[in-house]
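**Q** Structure for the following, please:
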Amino acid sequence: MSSLKDILIQQGYSEQKVQLASDVMRTQYTQHKKRLEYIKIMNDISNNYQKPVYPVGPIQPLVMIVDDMPEEIDITTGMPFTGKKGYLLTMILNHLGIDRNALYLTSTIKTYKQPNEITEEDISFSLETIQKEISSVCPLYIITFGVFSYRIVLQDKTANIQDKIGKMENYQFFSVIPFHSLSLLKEETEKSNQLKKEIFHSLKQTFDTIKQNHPEWVYDYVLSQYKQTN
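**A** This is a model prediction of the structure:
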């Protein structure tokens, strides 16, 4: 039995055009499949928590940011980084000229809990869900805030970030850049202010490297936003 490709070529279509059409269809199928996977992840989150906090951002981001845990206000909005930590992150990103809407934002635990309320089931669900998210949206860079999110992303319960803050590590098909938890920055103390400066400096270096490696990134995001509004 002749393949569709052979039939089209026999009907006079050039092999180059047939291959291009095949590549487009394959890409569209892959994107559709990933959207379905993403929808299933959202359903799993809804089914697992009464007050879920959903990830936000582009489906195929260059950068994913993973927080340890949402703040209490985040369960009201249903989105991560809408409280004090979100304000700090947005302020830092604005100083760096980065639109947070260009980033995929998520958290390990998908609802607000006190640290002593986190169960083994929460950790197990986090491990499974984060890996599904990574597989679905395929980021090239993952920035983690806090040791817990770093360990969940790497699937390593003993991983340490002390000597790795702000350093880019290659892992599987993406790079991981760990940072201290943004919770440490919420207090107005001398130590907190010093840590803010250190994180700002390290994040600037990180995004400078990303922009250098992907100069088309900001342009592609602006173009995609323009297409959505026109």
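**Q** okay, how far is it across stretch 135-146, tip to tip?
**A** One end of stretch 135-146 to the other measures 21 Å (C-alpha to C-alpha, to the nearest Å).
**Q** Could you list the buried residues of that stretch?
**A** Neighbour counts over stretch 135-146 (16 or more other C-beta atoms under 10 Å) mark S136, V137, C138, P139, Y141, I142, I143, T144, F145, G146 as buried. Where C-beta positions appear, they are placed from N, C-alpha and C, glycine not excepted.
**Q** Could you dump these into a markdown table with distance to S126, secondary structure and pLDDT added?
**A** Below are the buried residues of stretch 135-146 laid out as a markdown table (distance: C-beta to C-beta, whole Å; DSSP: H, G, I helix; E, B strand; the rest coil; pLDDT from 0 to 100):
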| residue | distance to S126 | secondary structure | pLDDT |
| --- | --- | --- | --- |
| S136 | 15 | helix | 87 |
| V137 | 16 | helix | 89 |
| C138 | 19 | coil | 89 |
| P139 | 17 | coil | 92 |
| Y141 | 20 | strand | 96 |
| I142 | 14 | strand | 96 |
| I143 | 17 | strand | 96 |
| T144 | 12 | strand | 96 |
| F145 | 14 | strand | 94 |
| G146 | 12 | coil | 91 |
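**Q** State whether K204 and I98 are indeed in contact, as I suppose.
**A** No - K204 is beyond contact range of I98, at 9.8 Å (criterion: C-beta atoms under 8 Å).
**Q** At the geometric centre of this structure, which residue sits there?
**A** For the chain, M64 is the residue whose C-alpha lies nearest the centre (C-alpha atoms, centre = their mean; 2.2 Å).
**Q** Surely it is within a helix?
**A** No - M64: not assigned to a helix; according to DSSP: H, G, I helix; E, B strand; the rest coil it is strand.
**Q** Quickly note the distance from the residue nearest to it when sequence neighbours are not counted to E117.
**A** Closest residue in space to M64, ignoring its immediate chain neighbours: P139 at 3.8 Å, by C-beta to C-beta, 6 or more residues apart in numbering. Here P139 is placed at a distance of 29 Å from E117 (C-beta to C-beta, to the nearest Å).
**Q** and if you look at K204?
**A** Taking C-beta to C-beta as the measure, K204 falls 35 Å from E117.
**Q** and these two? which has more neighbours close in?
**A** Neighbour count, other C-beta atoms under 10 Å: between K204 and E117, K204 has more, with 16 against 10.
**Q** Can you give the distance from stretch 99-109 to the centre of its chain?
**A** How far stretch 99-109 lies from its chain's middle: 5 Å, per C-alpha atoms, centre = their mean, to the nearest Å.
**Q** Output the lowest mean pLDDT helix or strand found in this structure.
**A** None of the helices or strands of the chain scores lower by mean pLDDT, DSSP states H and E than helix 217-229, at a mean of 51.
**Q** got a list of what N48 touches?
**A** K110, F125 (C-beta atoms under 8 Å, 6 or more residues apart in numbering).
**Q** Please work out how many residues are found near the nearest residue to E72 once chain neighbours are set aside.
**A** Leaving out its chain neighbours, the residue that sits closest to E72 by C-beta to C-beta, 6+ apart is Y112, at 4.8 Å. Neighbourhood size, Y112 [other C-beta under 10 Å]: 19.
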